[in-house]
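A.B. asks: with the input below, show me the fold.
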Amino acid sequence: MTDPATGLTAVEVAERVAARLTNAVPAAPTRTVAQIIRANVLAPINIVVGILATLVIVAGSPKDALFGGVIVANSVIGVVQELRAKRVLDQLSVLSAPKARAVRDGAVIELGVSELVLDDVVELRAGAQVVADGSMLISENIEIDESHLTGEAEPVTKNGGDEVLSGSAVVAGTGRMLVTKVGAENYAVKLAEEARRFTLVNSPLRNDVNRIVTWVGYLIIPVGLLLASSQFLRRDEGWRESIISTVAGLVGMVPEGLVLLTSVAFAVGVVRLAGQRCLVQELPAIEVLARVDVLCTDKTGTITEGSLAISDVHMLGNDDPVTIDAVLAALAQLDPDPNATSQALNSHFTETTTWTVTGRVPFSSGRKWSGMTFIDSDGHDRGSWVLGAPENVLTEAYSGALREQVETRAALGERVLVLAATKSQFNDGDTNLPAARPVALVLLEDVVRTDAPDTLRFFAEQGVTVKVISGDNNVTVGAVARRAGLDDWANNVNATTLPPDGSDAFAEAVEQGSVFGRVTPHQKRAMVQALQARGHTVAMTGDGVNDVLALKDSDCGVAMASGSEATRGVAQLVLMDSNFSAMPAVVSEGRRVINNIERVASLFLAKTTYSVILSVLTGVFALAYPLRPIHLSILSWFTIGVPAFFLALEPNDQRVSMGFMPRVLGRAVPAGIVIAAATMTVFAIVQLDDSIDSHHARTVAVLVAGSVALMNLYRVARPLNHLRGSLVLTMIVLFAMAFVLPAGRDWFELPVTAAWAYGVAAALIAAAWPLLQLGGRIAERDKLHA
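C.D. replies: I've put the predicted structure just below:
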């Protein structure tokens, strides 16, 4: 075994490095830059639009390929956001990377985690993080916080030979440990390794949009072949004109703007949340949190701050409270190895003590008490005092009313210590406890984050069930839940008594319970999976390595920036200030995205509907296509794209309801049918006059298609407010300018045609309004029944 005093020699270190026995830890499971770019650029819809734009350019009409700009915009938004999130996390990992104090060649040196080797001797001090598994060689009242690994909030005292796990932290005392495992063999790394595979968050909105794109993709090939054959073979048009007409029909079918707008809406939400110090790693994550109906949250570091506070000092006799406060302040401030209790006392009693310690017995987990003898600045005796667990400090006196008080407080989840006075003097090295008189009960409790009650109340008001799952004692967890405002806090369950994971009884117990204690990391994951199997959308919040598995398998994982790198790596959302109150803002952004995208999706799918109908009609009957790609650009800009952009960014905090696809299609399909019928009708009627060719007939076809689409925009934008009213009016004016201004007519290929043709167009536009209204009423009726 390595000598604790001298550690390894340089030669021994070199031998272990050569044997690859170093503490190199695998990186967190995030996507590489190449994977991010490939996933965003080579999206199916980008490929489809890219092919169509290339065909138009090859046909010699680059102006008609303007629609291809959506590929660039869609790719840039996705890539920039994911790279930004990756950069912030990488920087955070560097800043939070722990260091180790290793003993080598008799000297203590500071090393990076990966520089440690097997059999290194590591010096541990209060505040240090344990970066590798090992065993204690020397222990001087050392206490280890293993809450990130087990969820147990109470520090554990380690003696010589005891196992120490990576991911834990030293909260009191000093010591030296021998590194017995390195790299992937460490406990924390093994736990994180189970969640290493990167997976995208499941987004119902993205799934619905992708489903629409898939349907269109299936339609494009047969409709494209039909349209191309009719234009090239049956109408005997040249290959260039045939390609342009075919692309005009196909590009209108692709709702490329809907995909782009969804990305933009998510990206705007990400920017807004960044202002509240919430890092979104995947764009759709803000949507998923808006849909959750169960929120599972860890206790330590999430609902609580991970520290203790004095809740009360309950006097047991007639001692002077001022003197007792001075005693507690001296016990805390004069402790050379402060633990969590000393730190809580120090925070509570802020007046600096002037006393001096003349004798001391340090705290140990075996004794569960500490003692000090004091004199004041004038040399006067200030007595000897003991602070510790009542059952250990008091023997014969621990009975009756006093014992009942202690047990009542403990049942409420408080940590109870007793301060006792003794007439004996403590000397350094003493371990025997003299007879002591109980003076006061010191009550401690976990510090609940100030924002936790409001956040839990928000989710309860939104119909979200909150479940607290922790590795700590279930009574303590229940008490914290009570102080955090959870209604069903008394329904706390010791997870060691639960049925086997995966059983129906286990799922039922998880469904019915609200507070769970003594939960293992694998049980946390099993709980999330059980809730999902019962149809719930589950979010999980946590900060420790013990939360990684549950975070990874949840529908939306939320990590605290102050937590472990593994949790930050698998979570979709990272709260940079570890601020629980940021979550309602995420929900609001998700609602804005979902509700507004639903509002504007019908505009895009109406275009898809009328493009499909026009393509089929022209293909089957070998007619000229009534629109060119440049016409679809003006229709997309002024009746869909620009207004949809502003509508999608409006505030919208309505609760999300199921049935996105049926409601959207219920509005879009009737509108698309009306637009297609009116467009094809006017295109056919005006060409009955031999003096009007297809080129001039397309002018009134665009006029009718755009006018009816603007009426559909007005219907979708209702009820109008100042923004929506101004938006609709502006789009009408811009669309009209394309017909009125010579430059507009030239650019968009809208030559002036016969006056009577405009009259026919006006009549068809007027006739389309009641038909749109009818379709709107049908959609609203279906919405009420949804």
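
A.B. asks: can we go C-alpha only for contacts and neighbour counts from here?
C.D. replies: Noted.

A.B. asks: for this protein, what helix or strand is lowest in average pLDDT?
C.D. replies: helix 69-95 (a mean of 67; mean pLDDT, DSSP states H and E).

A.B. asks: and after it, which helix or strand comes next?
C.D. replies: strand 99-104 (DSSP states H and E).

A.B. asks: now do that next one: everything it contacts.
C.D. replies: Strand 99-104 is touched from outside by 4-10, 108-113, 116, 120-124, 128-131, with contacts defined as Cα atoms under 8 Å, 6 or more residues apart in numbering.

A.B. asks: now do that strand: distance to the chain's middle.
C.D. replies: Strand 99-104 has its C-alpha centroid displaced from the chain centroid by 36 Å (Cα atoms, centre = their mean, to the nearest Å).

A.B. asks: do you have the strands of the stretch 401-550 of the chain handy? List them.
C.D. replies: 415-422, 437-448, 465-469, 492-494, 515-517, 538-542 (DSSP state E, counting those that start in this stretch).

A.B. asks: so which of the ones you listed is nearest Arg628?
C.D. replies: Ranking the strands of the stretch 401-550 of the chain by proximity to Arg628 (Cα to Cα) places strand 538-542 first, at 47.2 Å.

A.B. asks: could you check how far the closest one is from the centre of its chain?
C.D. replies: Chain-centre distance of strand 538-542: 8 Å, with Cα atoms, centre = their mean.

A.B. asks: what pLDDT, on average, does that strand get?
C.D. replies: Mean per-residue pLDDT for strand 538-542: 91.

A.B. asks: low-confidence stretches in the stretch 151-300 of the chain?
C.D. replies: Residue ranges of the stretch 151-300 of the chain with pLDDT under 70: 151-154, 191-202, 233-238.

A.B. asks: kindly report the same for the stretch 651-786 of the chain.
C.D. replies: For the stretch 651-786 of the chain, applying pLDDT under 70 flags the ranges 776, 778-786.

A.B. asks: try 50
C.D. replies: 786 (pLDDT under 50).

A.B. asks: and for the stretch 1-150 of the chain?
C.D. replies: Using pLDDT under 50, the stretch 1-150 of the chain drops low at 95.

A.B. asks: surely Leu21 is in contact with Leu118?
C.D. replies: Yes. Using Cα atoms under 8 Å, Leu21 is in contact with Leu118, at 5.8 Å.

A.B. asks: identify the contacts common to these two.
C.D. replies: Joint contacts of Leu21 and Leu118 (Cα under 8 Å, 6+ apart) are Val182.

A.B. asks: those two: which is more packed in?
C.D. replies: Leu118 (23 against 18; other Cα atoms under 10 Å).

A.B. asks: next, Gly161: phi, psi?
C.D. replies: Note on Gly161: its backbone torsions stand at phi 90, psi -10 [degrees, to the nearest 10].

A.B. asks: in strands only, show me the contacts of strand 99-104.
C.D. replies: Among those, the subset assigned to strands under DSSP state E consists of 108-112, 121-124.

A.B. asks: buried ones among the contacts of strand 99-104?
C.D. replies: Among the contacts of strand 99-104, those scoring as buried are 4, 7-8, 108, 113, 116, 120-124, 128-131 (criterion: 16 or more other Cα atoms under 10 Å).
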